[in-house]
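[1] my questions are about this predicted structure, shown below with the sequence.
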Amino acid sequence: METMLRVTDIHAAYGAVRALHGVSLEVAEGEVVALLGVNGAGKSTTLRAITGLMKPTQGSITFRGEDITGRKPESIVKRGLSLVPEGREIFSTLTVEENLRLGAYVSYSRETYREDLEEMFELFPILKERFTQAGGLLSGGEQQMLAIARALMARPKLLMLDEPSLGLSPAITDHVFELIAQLRERGLTILLVEQNAERALEVVDKAYLLSNGVVEASGTAAEVKAQVDLASIYLGGEDSDGTGVGM
Amino acid sequence: MIDLEFVINTLSLGSLYALLALGLVLVYGILKLVNFAYGEYLTIAGYAIFLSATALSFPWWATMLVAVIAAMSVSFLTEFAAFRPVRSKSMDAMLVTSFAVSIFLQNLVLIVISPRAKAVPFPAFFSDTVTVGGATVPVRNLLVIGTTLVVLTVLSIVMKKTVLGMAMRAAAGKFETTRLMGVPANTVIAAAFIISGFLAGTAGIFWVGRSASVDPITGSAPLLIAFIATVIGGMHSPVGAVVGGYVYGLLFNVLSITLPASMISYRDAFMFAIVVLFLLFRPEGIVRHGYIEERVG
């Protein structure tokens, strides 16, 4: 399998506060990889650096052989790297339709757009029902579906999901993980950021465990499971896996 | 007291103020920047009519076209040359930059043209009066109402039906996420400034048309009006700006006819008092922000 995304020794900081101290990871084509860790471990910062929302102070990021370190987010999306952001970030005053149309900003063509929409309706029937409603009127679970569909509309080669189960009910969390499994079947390459390590390890090939801005453990899902005390990470997951209180 | 003349004059004043406020809010929505150079775009429009009519002897309709294009161009250029380089810096830097651009443009016309007011030629029909249903009103007042109606309609179609419009609405709420869709930040911001300039130019024609003269500080008063109208109507949505513009026009005209003659010169003081009341009791303006962000579920 060919390496699709290679992050090499990236450092990043928010002002004087250093968030990443040399994170390296690899995602191969067709692979589903998890990035685990407690709150503040550097998971989201790593994704921000990959998507170009934040410039790493050191290190490099290559995507499909091309150096994308420090490029603008809009040019990185164009290369086939889409993010489902933490907290879903639905455009609340725009309709579901408009959210999806913006998702297709980089991939739009008259022929493919219709097809892609139909595909999203198949994956997420609820979006067809809610098509003309404002995104802000959707429930948390529906918004998560919309956020994932919106990212898929860009026809990404690599889909990154930042805490997709955060704040969702257990039933909807199940649904999200089923969906990830389903997307994986379709051959999509996925980088999944999760606090809920146990659930994440069920659906991924490989995992990295981040702690205080460095990779503490990595390997196949089974290896990581054996190496680390899942309960210690899982505690972080419990907080945010409930009803969404405190979001 | 509430006769047709009052209604038409209020609608006309409100329309002008709505255009002014909308132009200010479009940029504010995306950059969260109150662009203090906004008034200068109106000044530029005024000088554009003056120069194209006197030096170039353009017909009246061409001078107005030039005015709108000039305001759009200057608005875009200020974004490109002044705001873009400091955008990634602090909000304070942006605000100070907008003051700097404002002073720069004022002094530019002062040096290049003249510190004195210049008479701006307008076609005669502009200030003619017509009688509509018994009310005598200047043609100009009817024109501003019609123009605003067309501009608002076209603009709302652009914002709803085009991808750029969707991107601008999206960026007003979530700028980073809009970029994650692949929408270039520069495109959205430049578009906001160009449309803002278009509105300033259009409003500028009518603003300058009232006194038929322009000087380097012509833009100060309309900037203030736009700002007050957005405080009244709501800073967070284009609808708020338009509502604020019309409410401002209404309040202003009501004060004009209800205040005794001895107090009419304090009209502005009353307007400011109303603004203070808004800031105290309804700081978000008449139109509150759109939807709640999300429901838990």
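    Looks like it came in fine.
[2] in chain A, which spans are helices?
    Per DSSP state H, chain A carries helices over the ranges A:43-51, A:73-78, A:96-103, A:110-123, A:125-129, A:140-152, A:170-185, A:197-203, A:221-227, A:230-240.
[3] what would the ones you listed look like in a markdown table with mean neighbour count?
    C-beta coordinates here come from the backbone N, C-alpha and C atoms, glycine included. Supplementary listing: the helices of chain A in a markdown table, determined by neighbours: other C-beta atoms under 10 Å in any protein chain shown:
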| stretch | mean neighbour count |
| --- | --- |
| helix A:43-51 | 24 |
| helix A:73-78 | 20 |
| helix A:96-103 | 24 |
| helix A:110-123 | 14 |
| helix A:125-129 | 15 |
| helix A:140-152 | 25 |
| helix A:170-185 | 16 |
| helix A:197-203 | 20 |
| helix A:221-227 | 15 |
| helix A:230-240 | 16 |
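[4] wait, which of those helices is closest to A:Ala34?
    With C-beta to C-beta, the closest approach to A:Ala34 among the helices of chain A belongs to helix A:197-203: 4.3 Å.
[5] mind listing the strands for the stretch 151-297 of chain B?
    For the stretch 151-297 of chain B, the strands defined by DSSP state E, counting those that start in this stretch occupy B:213-214.
[6] so where's it uncertain?
    Across the stretch 151-297 of chain B, the ranges flagged by pLDDT under 70 are B:289-297.
[7] can you give me the end-to-end span of stretch A:132-145?
    Using C-alpha to C-alpha, to the nearest Å, the gap from the first to the last residue of stretch A:132-145 comes to 15 Å.
[8] least reliable of the helices of chain A going by mean pLDDT?
    Among the helices of chain A, helix A:230-240 carries the lowest mean pLDDT, at a mean of 51.
[9] out of the helices of chain A, nearest to B:Ser265?
    Nearest to B:Ser265 among the helices of chain A is helix A:96-103 (49.3 Å), distances taken as C-beta to C-beta.
[10] mind giving me the packing neighbours of that closest one?
    Counting contacts by 3 or more C-beta pairs under 8 Å, 6 or more residues apart in numbering or on different chains; DSSP states H and E, helix A:96-103 packs against helix A:110-123, helix A:140-152, helix B:163-173.
[11] got the residues of the stretch 101-250 of chain B near chain A?
    B:163, B:166-167, B:169-170, B:173-174, B:176-185 (C-beta under 8 Å from any C-beta of the partner chain).
[12] show me which of those are buried.
    Listed as buried from these are B:166-167, B:169-170, B:173-174, B:177-185; burial here means 16 or more other C-beta atoms under 10 Å in any protein chain shown.
[13] buried stuff in stretch B:74-83?
    Applying 16+ other C-beta under 10 Å to stretch B:74-83 flags B:Val74, B:Ser75, B:Phe76, B:Thr78, B:Glu79, B:Ala82, B:Phe83 as buried.
[14] any idea how far chain A is from the residue lying closest to B:Leu259 once chain neighbours are set aside?
    Distances taken as C-beta to C-beta, 6 or more residues apart in numbering or on different chains place B:Arg267 nearest to B:Leu259, at 6.3 Å, with adjacent residues excluded. In this view, B:Arg267 and chain A are 36 Å apart by C-beta to the nearest C-beta, to the nearest Å.
[15] domains of chain A?
    As given by automatic domain parsing, the domain ranges for chain A are A:3-80+A:157-240, A:93-155.
[16] please tell me how far the longest one is from the chain's geometric centre.
    Pointing back at domain A:3-80+A:157-240 there. Averaging C-alpha positions (C-alpha atoms, centre = their mean, to the nearest Å) puts domain A:3-80+A:157-240 7 Å from its chain's average.
[17] circling back to that earlier point, go through the helices and strands packed on helix A:96-103 and name the closest to A:Leu188.
    helix A:140-152 (8.3 Å).
[18] span of stretch B:134-142 from start to end?
    Note: stretch B:134-142 ends 14 Å apart using C-alpha to C-alpha.
[19] can you give me the helices in the stretch 1-150 of chain B?
    According to DSSP state H, counting those that start in this stretch, the stretch 1-150 of chain B carries its helices in the segments B:4-31, B:38-54, B:60-78, B:84-86, B:91-112, B:139-161.
[20] average pLDDT across stretch B:133-143?
    For stretch B:133-143, mean pLDDT rounds to 89.
[21] quick check: buried residues in that stretch?
    B:Val137, B:Pro138, B:Arg140, B:Asn141, B:Leu142, B:Leu143.
[22] repeat that for stretch B:24-43.
    Neighbour-count burial for stretch B:24-43 [16+ other C-beta under 10 Å]: B:24-31, B:33-43.
[23] dump the helices of chain A to a markdown table, plus distance to A:Glu89.
    Output for the helices of chain A, formatted as a markdown table (distance: least, C-beta to C-beta, whole Å):
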| stretch | distance to A:Glu89 |
| --- | --- |
| helix A:43-51 | 12 |
| helix A:73-78 | 13 |
| helix A:96-103 | 10 |
| helix A:110-123 | 17 |
| helix A:125-129 | 16 |
| helix A:140-152 | 7 |
| helix A:170-185 | 16 |
| helix A:197-203 | 21 |
| helix A:221-227 | 28 |
| helix A:230-240 | 16 |
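[24] mind checking which of the ones you listed is nearest B:Phe126?
    Nearest to B:Phe126, of all the helices of chain A, is helix A:96-103, at 40.4 Å by C-beta to C-beta.
[25] quick one: residues in contact with the closest one.
    Residues from elsewhere that reach helix A:96-103 (C-beta atoms under 8 Å, 6 or more residues apart in numbering or on different chains): A:90-91, A:94, A:108, A:113, A:117, A:120, A:127, A:130-135, A:138, A:146, A:149-154, B:163, B:166-167, B:169-170, B:178, B:181, B:183.
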